[in-house]
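> what's the 3D shape of this:
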Amino acid sequence: MATSSTVRAEERRSAILAIVNREGAAQLEKLAVDLGVSPMTVRRDLDDLEAEGLLRRVRGGAIAISGPRLFGERRAVRARAKQVIAAKAKTLLPTMGAIALDASSTVAALAPALNSHAGLTVATNSYENFTAIRSAQNITAVLIGGEQEPSTGSFVGKLACDAAESMLYQCFFTSASAVDADHGSSEVSLAESQVKHAFARRSRQLVLCVDSSKLDATAIATTFDLTEVHLLITELDPADPRLDAYRKHTQLL
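As a prediction, the model looks like this:
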C-alpha cells in the first residue's frame, strides 16, 4: 500500500511540475481542484518540489524556474533519479573508441562508471565533467574549449562546436532542459543547443538522459527531434504510462 501511495505522489508531483513549466505559474487552489486532492496535499507537493530545486514557491502557488543555472546548483537537483539514469546508461558504454558527454549534471553521474572502461576517450564541454572523467583510470579525457557560458559554466561558441566536430564518437550522452513528445528536446540557451548538435553530428548513437521532471515541457532553443534520438533514458520503468507519448518516437530504457 505504501508503494502504491508513493507512486501516486510521484505522478501527482510530475503533473504539477508539468503544469507549472507549461504555464509559467500555478495557483495552489486550482491545482487542488484539477488534481482532485486537498490544498494541504498540494502545498506539501509544492514544498517538496521546491526543496528539489524544481520550482519556486510564491504566495498562493508556485512559479517556474527559468534561465540557465550553474553546474553546482543543477547537480543537487533530483540526485537519486540521476543515479538511476546513470546505472542504465553505463550498460551502453562501448569497450573502445570515443564517447561524448555534454555539460549536464545528469550525464555527470555517469563518470564513476568509466573506471571499468579503460581505453576509452571521453570528450566533454564541461570543466566539471572533465575533472570527474580525468580521475578515472586509463581514460583519455578531452575538454572541448571555447567561450565559457557564464550562467552554466559550460564551453560554447564556434570554437567549441569546431572542436566537438573534430572527433568521431561511438555514443553521445546528453540531457536537456525540457523534453516534449511533439517538439523534442530543448534548452534554455541557444549556445548550449548548438554545441550539442555538433557532438551529435559526429556520433553513431544519440542517447538522451533526462529525469521525469523534464518531461512534457519546453524551453527556448529546440535541440533534437525525438526521431533523431536513438534511446531515451529516464529513471522511470519504460512501461510507465508517463512515457506513453514518447514510446512511438524513440526507444526507451
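> tell me which helix or strand Lys30 sits in.
Per DSSP states H and E: Lys30 is located in helix 28-35.
> let me fix that: Arg56
Assigned by DSSP H and E, Arg56 falls in strand 55-58.
> pull the distance from that strand to the chain's centre.
21 Å (CA atoms, centre = their mean, to the nearest Å).
> what of stretch 39-51?
With CA atoms, centre = their mean, you get 22 Å for stretch 39-51.
> please shift the residue numbers so they start at 52 in all later answers.
With the count now opening at 52, the last piece we talked about shows up as stretch 90-102.
> quick one: mean pLDDT for stretch 254-266?
Per-residue pLDDT values over stretch 254-266 give a mean of 92.
> quick one: that stretch to chain centroid distance?
If you compare the mean C-alpha spot of stretch 254-266 with that of the full chain, they lie 6 Å apart, counting by CA atoms, centre = their mean.
> next one: stretch 203-222
For stretch 203-222, the separation from the chain centroid amounts to 18 Å (computed by CA atoms, centre = their mean).
> now do the same end-to-end measure for that stretch.
In stretch 203-222, first residue to last residue: 23 Å (CA to CA, to the nearest Å).
> average pLDDT across it?
Computed over stretch 203-222, the average pLDDT equals 93.
> repeat for stretch 102-118
77.
> in it, which residues are buried?
Glu103, Gly104, Leu105, Leu106, Gly112, Ala113, Ala115, Ile116 (16 or more other CB atoms under 10 Å). No exception for glycine: its C-beta is placed from N, CA and C like everyone else's.
> now it, how far from the centre of its chain.
The chain centroid and the centroid of stretch 102-118 are separated by 18 Å, computed with CA atoms, centre = their mean.
> repeat that for stretch 201-215.
For stretch 201-215, the gap between its own C-alpha mean and the chain's C-alpha mean amounts to 18 Å (CA atoms, centre = their mean).
> pull up the gap between Asn143 and Ala187, please.
Small correction: residue 143 is Leu, not Asn. With distances taken as CB to CB, to the nearest Å, Leu143 is found 17 Å from Ala187.
> next one: Pro289
Where Ala187 is concerned, Pro289 sits at a distance of 28 Å (CB to CB).
> which one's more surrounded, those two?
Ala187 (19 against 14; other CB atoms under 10 Å).
> and the residue nearest to that one when sequence neighbours are not counted, what pLDDT?
If the residues on either side of it in the chain are set aside, Ala187 comes closest to Leu165, at 4.1 Å by CB to CB, 6 or more residues apart in numbering. According to the model's per-residue confidence, Leu165 sits at a pLDDT of 86.
> ok so Leu165 is a helix residue?
Yes: the assignment for Leu165 is a helix, going by DSSP: H, G, I helix; E, B strand; the rest coil.
> wait, it sits on Thr191?
No: the criterion here is CB atoms under 8 Å, and Leu165 misses it with Thr191 at 10.6 Å.
> could you count how many residues lie near Val246?
For Val246, the count of nearby residues is 29 (other CB under 10 Å).
> now do the contacts for it.
Counting by CB atoms under 8 Å, 6 or more residues apart in numbering, Val246 makes contact with Asp153, Ala154, Asn176, Ile195, Gly197, Ser205, Phe206, Val207, Ala211, Cys212, Ala215.
> before I go, just wanted to say thanks for your time.
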